[in-house]
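**Student:** What would the 3D arrangement of this be:
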Amino acid sequence: MFLTLLSLLSAQPAQPPHRFVFLGADRFAHYADLASLQPEGSGGRIRVFQVVEPDFRAAGNAYWGGWSWWSFDCSADGKVDRLDFAAVREGGAEGPATRDDAPPFDAVQGDEAFEMVVAACNPDDYDTDAVTLEEAVAHGRMNLAAVD
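**Tutor:** Just a heads-up that it's a prediction; the model follows:
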């Protein structure tokens, strides 16, 4: 009994599932993780994952893509700002994050930043496309193949 109690206390808390929604595909497939949404004022922050094509390698390492935190404003004249980028190696190892110092900008209809704002400002309007990083990578690579 003591060992059972000890194992329960030392168990890692379960990670909440992701709620990936597909935003579009061009050079990358883009997914907003609506589970990461942090509303604030008329906008908030959200994490977006971009999926790379299969067998993408840099410096000898295989990658699935990368994460970026974004801030956004849902008002008509609101801006978006990509705050950072953290590469994700094949298997899910992440980071480190590199700060993105580009200034906030207007999201233009048709680009992934615009689609991200629409999803982040209307999360209940979207069905979930994936709940794990692995599922998002598989879904994204399927969408990238359709673009070619």
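**Student:** what residues does stretch 25-41 touch?
**Tutor:** Stretch 25-41 is touched from outside by 16-24, 44-52, 65, 73, 112, 115-116, 119-120, 123, 126, 128-130, 136, 139-141, 143-144, 146-147, with contacts defined as C-beta atoms under 8 Å, 6 or more residues apart in numbering. Every C-beta, even on glycine, is put in place using the N, C-alpha and C of the backbone.
**Student:** so where's this structure shaky on pLDDT?
**Tutor:** By pLDDT under 70, the low-scoring segments of the chain are 1-16.
**Student:** the helices in it, which residues?
**Tutor:** 2-10, 112-121, 133-147 (DSSP state H).
**Student:** Which of the contacts of stretch 25-41 are buried, as a PyMOL select command?
**Tutor:** A single PyMOL command selects the buried members of those (16 or more other C-beta atoms under 10 Å):
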select buried, resi 18+19+20+21+22+23+24+44+45+46+47+48+49+50+51+52+65+73+112+115+116+119+120+126+129+130+136+139+140+141+143+144
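**Student:** Using neighbour counts, pick out the buried residues of stretch 61-73.
**Tutor:** Y63, W64, G65, G66, W67, S68, W69, W70, S71, F72, D73.
**Student:** which residues does the nearest residue to A138 once chain neighbours are set aside contact?
**Tutor:** In this structure, A138 finds its nearest non-sequential neighbour in A130, 7.8 Å apart by C-beta to C-beta, 6 or more residues apart in numbering. Neighbouring residues of A130 by C-beta under 8 Å, 6+ apart: H18, F20, Y31, A136, A138, H139.
**Student:** export the buried residues of stretch 61-73 to TSV and tack on distance to R57?
**Tutor:** Shown next, in TSV, are the buried residues of stretch 61-73 (distance: C-beta to C-beta, whole Å):
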residue	distance to R57
Y63	7
W64	12
G65	13
G66	14
W67	19
S68	20
W69	25
W70	26
S71	31
F72	32
D73	37
